[in-house]
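Q: What shape does this take:
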Amino acid sequence: MDGSVGRLAHGVRASLRNNGQAYGYSVAITVAAALLNTEARVPGAAHLVYFALGAAVAFSLLQALASAGFRKPLEPEPSTVTAMGVSLSLVSVGTSVVLAWGCAHFVGGVVAWPVTSFTVSVVYLFVAGLELALAERAQASSSHGEEVEEQTAEEEEGHQDDPAQE
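A: So this is what the prediction gives:
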C-alpha cells in the first residue's frame, strides 16, 4: 500500500509539473471561446478556424522570439519554480479572461475570434512568464533557495528515467 501511495503521489507531482502551464492556458482559451460564443455570435464555422489560427500565430511568433529565431533552446525551469509559478496562475488566467471578454464585447463579429485568441495567447504566455520569473526570484531570495534548487536538481535527475514522468 505504501508503495502504491508513493507512486500515486509521484505521478500527481509529475502531472502537475508537466501540465500546470498548459492547464492554465487551456482554461483561459476555452473561456475565451465561450465568451466569444456569447458576446460575438457569428453563424457558421469559419470563425472557429480563425480562432485556432489566431492562437497558433501567437504561439509561433512567441516561440520564434523566445528561441532567437529557433536557434536557442528553451531552458526548463526547476520544478519548485514551476510549482510556485503555476500556483500564481489565477493572475495569468484572470488577466487573459478579462481581455477575452473585452475583445469579444468591444471588437465583435468575425474579427473578434482571431483577435481574441491571439490576444489571450500572447497575454497568457507573458503573464505566466512573469509568474515564473517572480517564483524564481522568490526562491533565489529565500534563505534556503540555493539548497532547494540543488535538492530539486537532484530529484529531477533521479526521475529522468521514471516512466511516471512521461
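Q: And residue 40, its phi and psi?
A: The phi/psi pair for residue 40 (degrees, to the nearest 10) reads phi -120, psi 60.
Q: you'd agree it is up against residue 106?
A: No - using C-beta atoms under 8 Å, residue 40 is not in contact with residue 106; the gap is 9.7 Å. Where C-beta positions appear, they are placed from N, C-alpha and C, glycine not excepted.
Q: neighbour count winner among the two?
A: More neighbours surround residue 40 than the other of residue 40 and residue 106, with 21 against 10 (other C-beta atoms under 10 Å).
Q: So the closest residue to the more buried one other than its chain neighbours, which state does it fall into?
A: Closest residue in space to residue 40, ignoring its immediate chain neighbours: residue 112 at 4.2 Å, by C-beta to C-beta, 6 or more residues apart in numbering. The three-state label given to residue 112 by DSSP: H, G, I helix; E, B strand; the rest coil is helix.
Q: Spit out the contact partners of residue 112.
A: Counting by C-beta atoms under 8 Å, 6 or more residues apart in numbering, residue 112 touches 36, 39, 40, 103, 104.
Q: Model confidence for it, exactly?
A: Model confidence at residue 112, given as pLDDT, is 95.
Q: Out of the contacts of residue 112, give me the one that has the most neighbours.
A: residue 36 (27 neighbours).
Q: what pLDDT does it get?
A: We note a pLDDT of 94 for residue 36 in this prediction.
Q: Would you agree it is in contact with residue 51?
A: Yes - at 7.2 Å, residue 36 and residue 51 qualify as touching, with contact defined as C-beta under 8 Å.
Q: helices or strands up against the strand or helix carrying residue 3?
A: Using DSSP states H and E, residue 3 maps to helix 2-39. Helices and strands touching helix 2-39, by 3 or more C-beta pairs under 8 Å, 6 or more residues apart in numbering; DSSP states H and E, are helix 46-66, helix 79-87, helix 89-106, helix 109-141.
Q: what do you get if the cut-off is 6 Å, keeping everything else the same?
A: With contacts defined as 3 or more C-beta pairs under 6 Å, 6 or more residues apart in numbering; DSSP states H and E, the packing partners of helix 2-39 are helix 79-87, helix 89-106, helix 109-141.
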